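**Student:** My questions are about this predicted structure, shown below with the sequence.
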Amino acid sequence: MEIINPFNTPIYKFESIDSTNKYGKELCKDNVENGTIILAESQTNGRGRLGNSWDSQKGKGLYYSIILHVKSSPNPHLITLFMSLALTDLLKDYSINAKIKWPNDILIDGKKVCGILSELIIKPHGRFIIVGIGVNLYQNLSDFREELKHKATSITLNTGSTIIKNFFINSLNTYIYEYYNHFLRGDFKEFLLKYKDRSSLLNKEICVRVHDNMINGIVKGFSDNGNILIETKDRVLSLNGGEVTLRDTYKRSI
Ligand code: BTN
């Protein structure tokens, strides 16, 4: 099945590459077209958030980046939240009820099936966001590293079937295209409500690591610019980054 880009812009395909996001960064050095997609069958240096790596074996996952023009948008990082909605909509089409762990981990029954790494690139010729998406498609339990076995999952593990990758990519492209256009229109209210509804963290006790600080609190919601709102002992904090752990998981791991 042919892959279709609804933005009508190029699709770069690689058998193997270090990182599709890194390639995207290179493309941003010139006038890259809006909606340019980079796909790889495997990555030798797949990158995740907060300096983590992303396992990217051939034949197991989707390794995908798309470059979106964000012009003068005051909240370019909100796009990442919109992309989480695109992915959860897509998983619904496969009868999978996925949740979002702020900012953009996609979980099925508490296990991660998809991660998103967004990178904002500001150049004299434009502002771009590279949205890098990794989806665990076909892994069985034995395909995950030991330390990931209890926290990762795949579409195959959840549906018992082998989905058609290019069909999945085409649907993903369509959802991304639609959400991106909503983003440009500034339609944020309805989408933040949807995001809240799909959050795995709402009203949960969490622990957030911000640099070397640990902050404990209860998740109250998300602000209009995509920050997480945490009620601590003495105030409500609005955080734009950090590594979140559910409080009971955290207790178990110390
Ligand atoms: C995370 O959850 O930490 C984000 C993982 C993002 C992985 C994807 S795979 C395609 C793209 N290229 C990369 O190097 N990373 C992203």
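**Tutor:** Looks like it arrived, so ask away.

**Student:** quick one: contacts of stretch 17-31?
**Tutor:** 12, 14, 32, 36, 38-40, 43-47, 63-65, 67, 117, 119, 121, 123, 125-126, 128, 130, 132 (Cβ atoms under 8 Å, 6 or more residues apart in numbering). Bear in mind the C-beta positions are built from the backbone N, C-alpha and C, glycine included.

**Student:** quick one: least confident helix or strand in the chain?
**Tutor:** Within the chain, no helix or strand scores below helix 247-253, which has a mean of 56 by mean pLDDT, DSSP states H and E.

**Student:** OK, contacts around Val112?
**Tutor:** That one is not Val; residue 112 is Lys. Residues in contact with Lys112 (Cβ under 8 Å, 6+ apart) are Lys101, Asp105, Ile106, Asn136, Lys151, Ala152, Thr153.

**Student:** For the fifth one, which residues are in contact?
**Tutor:** Going by Cβ under 8 Å, 6+ apart, Lys151 touches Lys111, Lys112.

**Student:** which residues of the stretch 151-254 of the chain fall in helices?
**Tutor:** Here the stretch 151-254 of the chain has its helices, by DSSP state H, counting those that start in this stretch, at 155-159, 165-185, 188-197, 247-253.

**Student:** Is the second one in proximity to the ligand?
**Tutor:** No - residues of helix 165-185 are not located near the ligand by Cβ under 6 Å from any ligand atom, the shortest gap being 12.2 Å.

**Student:** what mean pLDDT does that helix have?
**Tutor:** What helix 165-185 shows for mean pLDDT is 96.

**Student:** so for stretch 125-133, what's the average pLDDT?
**Tutor:** 96.

**Student:** hey, C-alpha coordinates of stretch 2-22 in PDB?
**Tutor:** Extracted C-alpha coordinates of stretch 2-22, given in PDB (Å, rounded to 0.1, in the frame of the first residue of the first chain):
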ATOM      1  CA  GLU A   2       1.300   3.400  -1.000                       C
ATOM      2  CA  ILE A   3       1.900   6.000   1.800                       C
ATOM      3  CA  ILE A   4       0.000   9.200   1.200                       C
ATOM      4  CA  ASN A   5       1.000  12.500   2.600                       C
ATOM      5  CA  PRO A   6      -2.100  14.700   3.000                       C
ATOM      6  CA  PHE A   7       0.200  17.800   3.200                       C
ATOM      7  CA  ASN A   8       1.300  16.900  -0.400                       C
ATOM      8  CA  THR A   9       4.900  17.300   0.600                       C
ATOM      9  CA  PRO A  10       7.900  14.900   0.500                       C
ATOM     10  CA  ILE A  11       8.200  11.600   2.300                       C
ATOM     11  CA  TYR A  12      11.800  10.500   3.000                       C
ATOM     12  CA  LYS A  13      12.100   6.700   3.600                       C
ATOM     13  CA  PHE A  14      15.200   5.000   5.000                       C
ATOM     14  CA  GLU A  15      16.000   1.300   5.600                       C
ATOM     15  CA  SER A  16      18.200   2.400   8.500                       C
ATOM     16  CA  ILE A  17      19.100   5.800   9.900                       C
ATOM     17  CA  ASP A  18      20.500   7.100  13.200                       C
ATOM     18  CA  SER A  19      17.400   9.100  14.100                       C
ATOM     19  CA  THR A  20      14.500  10.400  11.900                       C
ATOM     20  CA  ASN A  21      14.300  13.400  14.200                       C
ATOM     21  CA  LYS A  22      18.000  14.200  13.600                       C
END
